[in-house]
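>>> Just a sequence and a predicted model for now, questions to come.
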Amino acid sequence: METRRYELLMLAVPEITQDEAKELERQVDTVIRAHKGATLSFERWGKFRLAYPVKKNDYGVYFLTRFETANSDASVQETRTLFTIKLHHIIMRSMFTVLDSTQSLEYQRPKSLEELPSRDVDSFLNEGKMEGNMLHSREEEL
Amino acid sequence: MTKKIKLKISARLLKKRARRGQGNMAKQCRFCLHPDQEQTVDYKNAPLLRGFLTERGKILPSRISGLCCKHQRHLSKEIRKSRTIALLPYIAQYY
């Protein structure tokens, strides 16, 4: 059977701990290895503000895994059942995609909350870079 | 001999006919012009896809985005995939 390359994007609850994340990685790897496959990468994207609340959570942590298996369909099915039965309290959503073997592994992703710089209101106002009609500028004109 | 009754054409219809003649001839599909950008259209690439949504979160039609049929279909599919994993909204909420 030909080996297929898969990509799995998982949306986890924001309260996930590092131990739980490692456990998740280990369990997914076990399932893939049971179907004679190999994990190519496992990345934690970070905490994100979701576009809409998922299971009453406004935030979530994304994980991206890439793996190769020969016994493709069965491995995907088993990973899905793993999420719905064992890890249902951790994983909210998952998305499986087939990748081309010839395609490059590069991709672009949105910036997580940890990567985006968070600004303090006072420091932002003190900079004075805000444009538009403001009260103090009118006073200066007068 | 019966008189020919000329029906009044509404102003709205006249404007529409005038607009039809103009057309935007210069707009071309940006993914057809730059094939290397095709790879970047992905459900994970939410910032790029957000540029093809309206303020309310609706997908822009191809006559506004200027994309060809093939790329519009591909883009729409990726946007809908992105919506299911909450990277893009179904409806953008006003805060």
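Looks like it arrived, so ask away. Residues are numbered from 1 along each chain as shown, chains lettered A, B, ... in the order given.
>>> For the residue positioned nearest the centre of chain A, which residues are in contact?
Centroid-nearest residue in chain A: residue A:62, 1.9 Å away (criterion: Cα atoms, centre = their mean). Residues in contact with residue A:62 (Cβ atoms under 8 Å, 6 or more residues apart in numbering or on different chains) are A:9, A:10, A:11, A:12, A:44, A:45, A:46, A:48, A:112. C-beta coordinates here come from the backbone N, C-alpha and C atoms, glycine included.
>>> Doesn't it belong to a helix?
No: secondary structure of residue A:62 (DSSP: H, G, I helix; E, B strand; the rest coil): strand, not part of a helix.
>>> Just give me the neighbour total for the residue nearest to residue A:91 when sequence neighbours are not counted.
Spatial nearest neighbour of residue A:91, chain neighbours left out: residue A:83 (4.6 Å); criterion: Cβ to Cβ, 6 or more residues apart in numbering or on different chains. Around residue A:83 there are 20 other residues, counting by other Cβ atoms under 10 Å in any protein chain shown.
>>> Now a PyMOL select for only the buried ones of the contacts of residue A:62.
In PyMOL syntax, the buried subset of those is picked out as below (16 or more other Cβ atoms under 10 Å in any protein chain shown):
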select buried, chain A and resi 9+10+11+12+44+45+46+48
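>>> Go through the contacts of residue A:62 and flag which are in strands.
A:9, A:10, A:11, A:12, A:44, A:45, A:46, A:48 (DSSP state E).
>>> Is the fifth one in contact with residue A:61, as I believe?
Yep, that's residue A:44 we're talking about. Yes: Residue A:44 is in contact with residue A:61 according to Cβ atoms under 8 Å; the separation is 7.0 Å.
>>> any common contacting residues for the two?
residue A:21.
>>> on that earlier part again, so what's the backbone phi/psi at the residue nearest to residue A:91?
phi -70, psi -40 (degrees, to the nearest 10).
>>> sorry, back to before: quick check, pLDDT for the residue nearest to the centre of chain A.
On the pLDDT scale, residue A:62 is placed at 95.
>>> before we move on, what about residue A:12?
For residue A:12, the model assigns a pLDDT of 94.
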